[in-house]
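Q: next input, structure requested:
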Amino acid sequence: MANAIRFHETGGPDVLRLDDVEVGAPGVGEVRVRHHAIGLNFADIYYRTGLYPVPLPNGMGVEASGVVEEVGPGVEGFAPGDRVTYTYTGTPLGAYSTEFVLPARHLIQLPDGVDFTTAAACTMRGLTAAYLMRRIHPYREGDTILLHAAAGGVGLIVAQWAKLLGLTVIGTVSTEEKAEVARANGVDHIIYYRREDTAQRVRELTGGAGVPVVLDSIGAATVEASLNSLAKRGLLVCFGTSSGPIPPIDPMQLAIKGSLFVTRPGLADYIADPAERADLAGELFGHIAAGRITIQVGQTYPLADAARAHKELESGALTGSSILLP
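A: Predicted coordinates:
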């Protein structure tokens, strides 16, 4: 038997329950992993509330790190005792647990220089940062970008990676505390988006030109300011919606504002190919192992306190990445 956080109905954080579950043996192409650390992601809230519908009752979570305990028939490249991490989109849910059986295709071998806590805090966020920095746009040294939620889990990794590429980072935050964290991780200019005119400040900081790329994980509350911050033929990357869904964008407005581009990427499409996923993961963990990128684990919670973790995550008060410990 294993312990697992499950939800039997959709709703607020209080629907999360710690249950005893039968894990069972892995089937064809599957592995059983004993977790050492579990990632806490905003997408988990979407499953809990029903925004992403799944059959009930169901588990929770899609990211964790640990050790392979058992492999099923047909699994190649993994063996009991391997240190691994994983993240994926969709089902099966179940990472919020002490042990979990999942398809082996989701696993990533964990280098010796990266510990379990770091891996669980950064696999999803780090791979997101990897495609944002290495696949979404051909950045040039000296470019300036606007990064929303600069003190968040993805934001802190992006800011550090951007400095490795020679970029100038304008970051938005909501509090002085978050501003301090963002600056410590490479953000050059801070905008307090709740009390300042973001687009106006961006224009001031760029001599009126705007930025070639805006990386926006907030969504509804920031999309207009993001569009107004872009230079001609600039790119808005909407990779999250923590403040709510993005309203429809009138294509004519994109032309009026400077022949702008908008994309709504998803991590799944950048790690679906095993070779590309290995390439992105290798670069990410290489930077981490070498100390070029530091992962900020802002908060840790016991697995049994998942409901409290969700409440605090929804409050917007957290900095860096958060993890659950089995």
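Q: straight-line length of stretch 195-212, end to end?
A: 24 Å (Cα to Cα, to the nearest Å).
Q: average model confidence for it?
A: Per-region confidence: stretch 195-212 scores 98 on mean pLDDT.
Q: gap between that stretch and the chain center?
A: 26 Å (Cα atoms, centre = their mean, to the nearest Å).
Q: list the buried ones in it?
A: 198-199, 201-203, 205-206, 210-212 (16 or more other Cβ atoms under 10 Å). Quick note: C-beta positions are derived from backbone N, CA and C, even for glycine.
Q: and stretch 5-21, by the same measure?
A: 5-7, 10, 13, 15-19, 21.
Q: among those residues, name the ones in helices.
A: The helices, defined by DSSP state H, take in nothing from those.
Q: quick one: residue 104 and residue 70 touch, right?
A: No: counting by Cβ atoms under 8 Å, residue 104 does not reach residue 70; the two are 11.1 Å apart.
Q: which neighbours do these two share?
A: residue 31 (Cβ atoms under 8 Å, 6 or more residues apart in numbering).
Q: these two: which is more packed in?
A: Just comparing residue 104 and residue 70: by other Cβ atoms under 10 Å the higher neighbour count belongs to residue 104, 21 against 17.
Q: quick one: the helices in the stretch 1-150 of the chain, in order.
A: 42-49, 116-134 (DSSP state H, counting those that start in this stretch).
Q: which strands and helices sit next to the longest one?
A: When you say that, I think you mean helix 116-134. strand 30-40, strand 63-71, strand 83-87, helix 153-164, helix 268-271, helix 274-289, strand 297-302, strand 321-325 (3 or more Cβ pairs under 8 Å, 6 or more residues apart in numbering; DSSP states H and E).
Q: any idea how far the second one is from the chain center?
A: Put plainly, it is strand 63-71. 20 Å.
Q: ok, residue 152 to residue 256 distance?
A: 31 Å (Cβ to Cβ, to the nearest Å).
Q: with neighbour numbers in mind, choose between these two.
A: Neighbour count, other Cβ under 10 Å: between residue 152 and residue 256, residue 152 has more, with 29 against 10.
Q: which non-adjacent residue is nearest the more buried one?
A: Leaving out its chain neighbours, the residue that sits closest to residue 152 by Cβ to Cβ, 6 or more residues apart in numbering is residue 217, at 6.9 Å.
Q: quick one: neighbours of the one you found, just the number.
A: 23.
Q: distance of residue 102 from residue 212?
A: Taking Cβ to Cβ, one finds residue 102 at 39 Å from residue 212.
Q: so where's the chain uncertain?
A: The chain contains no residues with pLDDT under 70.
Q: about what we covered before: need the helices and strands packed on helix 116-134 in a markdown table (columns: distance to residue 146).
A: As requested, the helices and strands packed on helix 116-134 are exported to a markdown table (distance: least, Cβ to Cβ, whole Å):
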| stretch | distance to residue 146 |
| --- | --- |
| strand 30-40 | 26 |
| strand 63-71 | 27 |
| strand 83-87 | 26 |
| helix 153-164 | 11 |
| helix 268-271 | 21 |
| helix 274-289 | 22 |
| strand 297-302 | 23 |
| strand 321-325 | 22 |
